[in-house]
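Provided below for reference: sequence and predicted model.
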Amino acid sequence: MIEQLRDYVLEGEISPETIKSENQVIVTANMDGQGNYYFYGKKPGDTITLRVPKPEAYTDDLLKFQSKEENYIEKEFVIAAIVSRPLAQEQDFLNTEVWENAQSIIMTNEQMKENFGITNYSFIHASPAEGAETASVSNQLLQTIRDVPKAVLQDYTSAIETQRNYLNQQQIFFSSIAVILLIISLFHIMNSMNHTILARRKEYGIMRAMGITDSGFYKMILQTGILYGLLADALIFVCYHYIFRRVMDYYMAHVVQFLHVTSTVPNMVLAGIMVLNVVLAIVAVMIPARKMIRENIISEIRR
């Protein structure tokens, strides 16, 4: 489970061997209302002091940290990494319904035994095979652990499936908006380029009257289309890296509050969009150019 926490690392590195050998810990950060993470101003490499009650006998004063000093164990640890969430949470000492932003200090079982004398404490994380009947698996696990003292089984499969469906619906929604905007953009590009070329019909008519060949005319228009496409690609690149990407990162982290922001568009997709943009610009200018070639030069000049 400690190795799986690497997917949620905000700062630092996770190495189970180093954590055990150097007596380090992993801590979970709080998240404020805007999706910003923090852990009391601490960074990986900083030290924290952890005080826990001795496990002999628990009283109200002991759990409120109002008992005598000799009833507590106090240890100093180095922070190895800060993560955005734990994979499991202990609920015996901390009511998570009251302390929604309760911190988690994560260490290995060996460290818990050596530092605080806590034994027979473990979590087992199991993921069902694809296509397995989770209800049947849960029932079998319950039968297996029914004689184990203080053993608790928590089945998150239905919650995971619900969350996955929610994320799929979000993806479909945003993908649909992107497709609609793409279609609108295509029509806008075609109409704008068509108008740009036809607006210079008289100029092109004079050039044809002065003796430019059809192939020379097509070549000139082709160069214009390529230039428009490249300029648009440069604008897309600048806007994406310095505006759109930052807006997407902010939205996903501070509005949707995703644990992992992966809003980066793959390079192949970005390159494909730029190539498509140049192709569209070429097509958009060649259509009116072909139309002008078919018309009479005198009529074009008079327009």
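Thanks, I have it. Just so it is clear, the structure is predicted and the values come from calculations on it, not from any experiment.

okay, strands next: where are they in this structure?
Secondary structure of the chain (DSSP state E): strands at 9-12, 24-28, 30-31, 37-38, 47-53, 72-83, 105-106.

what about residue 131, neighbour count?
Residues lying near residue 131 (other C-beta atoms under 10 Å) number 5. Just so you know, the C-beta spots here come from the backbone N, C-alpha and C atoms, and that holds for glycine as well.

where does residue 96 land on pLDDT?
pLDDT recorded at residue 96 is 48.

residues of stretch 103-117 that come out buried?
Judged by neighbour count using 16 or more other C-beta atoms under 10 Å, the buried positions of stretch 103-117 are 104, 106-108, 111, 115-116.

okay, the strands of the chain, which one's buried deepest?
Neighbour counts (mean count of other C-beta atoms under 10 Å) averaged over each of the strands of the chain peak at strand 24-28, with a mean of 23.

ok so, going back, will you turn the buried residues of stretch 103-117 into TSV that also has distance to residue 243?
Formatted as TSV, the buried residues of stretch 103-117 follow (distance: C-beta to C-beta, whole Å):
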residue	distance to residue 243
104	37
106	38
107	43
108	45
111	46
115	49
116	51
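
which of those fall within helices?
Among the buried residues of stretch 103-117, the ones falling in helices (DSSP state H) are 111, 115-116.

burial check on residue 40, number of neighbours?
Using other C-beta under 10 Å, residue 40 has 10 other residues around it.

next, work out how far apart it and residue 287 are.
For residue 40, the distance to residue 287 equals 63 Å [C-beta to C-beta, to the nearest Å].

hang on, the earlier thing: from the buried residues of stretch 103-117, pick the one nearest residue 177.
Nearest to residue 177 among the buried residues of stretch 103-117: residue 104, at 37.2 Å, using C-beta to C-beta.

closest to residue 169 among the buried residues of stretch 103-117?
Among these, and counting by C-beta to C-beta, the member closest to residue 169 is residue 104, at 30.2 Å.

ok, the closest one touching residue 29?
No. In this structure, residue 104 is not within contact of residue 29 by C-beta atoms under 8 Å, at 9.7 Å.

which stretches in this protein count as helices?
Along the chain, the segments classed as helices by DSSP H run 16-21, 60-63, 109-116, 134-145, 157-198, 201-209, 214-239, 245-250, 267-294, 297-302.

can I get the ones you listed in TSV with mean pLDDT?
Formatted as TSV, those follow (pLDDT from 0 to 100):
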stretch	mean pLDDT
helix 16-21	88
helix 60-63	77
helix 109-116	86
helix 134-145	86
helix 157-198	84
helix 201-209	79
helix 214-239	88
helix 245-250	80
helix 267-294	85
helix 297-302	63
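
could you report the neighbour count for the nearest residue to residue 157 once chain neighbours are set aside?
In this structure, residue 157 finds its nearest non-sequential neighbour in residue 134, 4.3 Å apart by C-beta to C-beta, 6 or more residues apart in numbering. By other C-beta under 10 Å, 14 other residues sit near residue 134.

if I look at residue 134, how far off is residue 226?
Distance from residue 134 to residue 226, counting by C-beta to C-beta: 56 Å.

same question for residue 126.
Remark: distance between residue 126 and residue 226 (C-beta to C-beta) = 58 Å.

the two: who's more crowded?
Taking neighbours as other C-beta under 10 Å, residue 126 and residue 226 compare with residue 226 leading, 15 against 7.

hmm, residue 280 and that one touching each other?
No. Assessed by C-beta under 8 Å, residue 226 is found out of contact with residue 280, at 11.5 Å.

burial check on the closest residue to residue 233 other than its chain neighbours, number of neighbours?
Nearest-residue entry for residue 233: residue 274, 4.3 Å, with adjacent residues in sequence omitted and distances by C-beta to C-beta, 6+ apart. Number of residues near residue 274 (other C-beta under 10 Å) recorded here: 17.

what's the residue nearest to residue 157 in contact with, if anything?
For residue 134, the contacting residues are 128, 155, 157-158, by C-beta atoms under 8 Å, 6 or more residues apart in numbering.

number of residues surrounding the nearest residue to residue 61 once chain neighbours are set aside?
In this structure, residue 61 finds its nearest non-sequential neighbour in residue 67, 4.6 Å apart by C-beta to C-beta, 6+ apart. Look at residue 67: counted by other C-beta under 10 Å, it has 16 neighbours.

cheers, nothing more for now.
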